[in-house]
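Asker: Here is a sequence with its predicted model. Questions after.
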Amino acid sequence: MSMQEALRDELKVAMKARDTDRTGAIRILMGEFARQTEKVLSDEQVIAIVKKLIKSERELLAAQGNEGSPFLKIMEEYLPKQASEEEIFAWIQKNIDFSSFGNKIQAMKPIMQHFGSAVDGNLVKKVLQKIN
């Protein structure tokens, strides 16, 4: 079952349980799905939409001076398990030869390709900046 189908089922469950926060969050996500040119989305496309919504919510919360919201917490549940700084650092040590790059940040592309949706670009950048 794709993530898109699972979210449709979860919306029904949330509505029956009268979970207004989850129902609202999933409806926002469904609205984003409806704006896409394709009607059936891959799991990667769904994750990209979730990440976009999380990013915009964090920006909004930062502008308001808040740290979290029920919407943000619910959206983060739909992301795959994220790689930790330690996991990223260990993979970089084993697999990246910095002599083939002009600077450390140029190594982000192969790192992001390896980890895919399981890592945030800002975290990778932070780890790279710590490496001497």
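Answerer: Thanks, I have it.

Asker: any idea which residue of this structure is furthest from its center?
Answerer: Largest separation from the mean C-alpha position in the chain: residue 99, at 30.2 Å (CA atoms, centre = their mean).

Asker: Identify the residues contacting that one.
Answerer: Residues near residue 99 by CB atoms under 8 Å, 6 or more residues apart in numbering: none. The C-beta positions use only the backbone N, C-alpha and C, and glycine is treated the same way.

Asker: Could you look up the SS state of the residue nearest to residue 120 when sequence neighbours are not counted?
Answerer: Using CB to CB, 6 or more residues apart in numbering and skipping the chain neighbours, the partner closest in space to residue 120 is residue 82 (6.7 Å). Assigned by DSSP: H, G, I helix; E, B strand; the rest coil, the conformation of residue 82 is coil.

Asker: Now residue 82, what are its backbone angles?
Answerer: phi -90, psi 140 (degrees, to the nearest 10).

Asker: mind checking how far it is from residue 116?
Answerer: Residue 82 sits at a distance of 11 Å from residue 116 (criterion: CB to CB, to the nearest Å).

Asker: now residue 13
Answerer: Distance from residue 13 to residue 116, by CB to CB: 28 Å.

Asker: Spatially central residue for the chain, please.
Answerer: Short answer for the chain (CA atoms, centre = their mean): residue 51, at 3.7 Å.

Asker: And for the strand or helix carrying that residue, what's in contact with it?
Answerer: In the assignment (DSSP states H and E), residue 51 maps to helix 43-64. Here helix 43-64 makes contact (CB under 8 Å, 6+ apart) with 2-4, 7, 28-29, 32-33, 36, 38, 41, 67-69, 71-72, 75-76, 78-80, 116-117.
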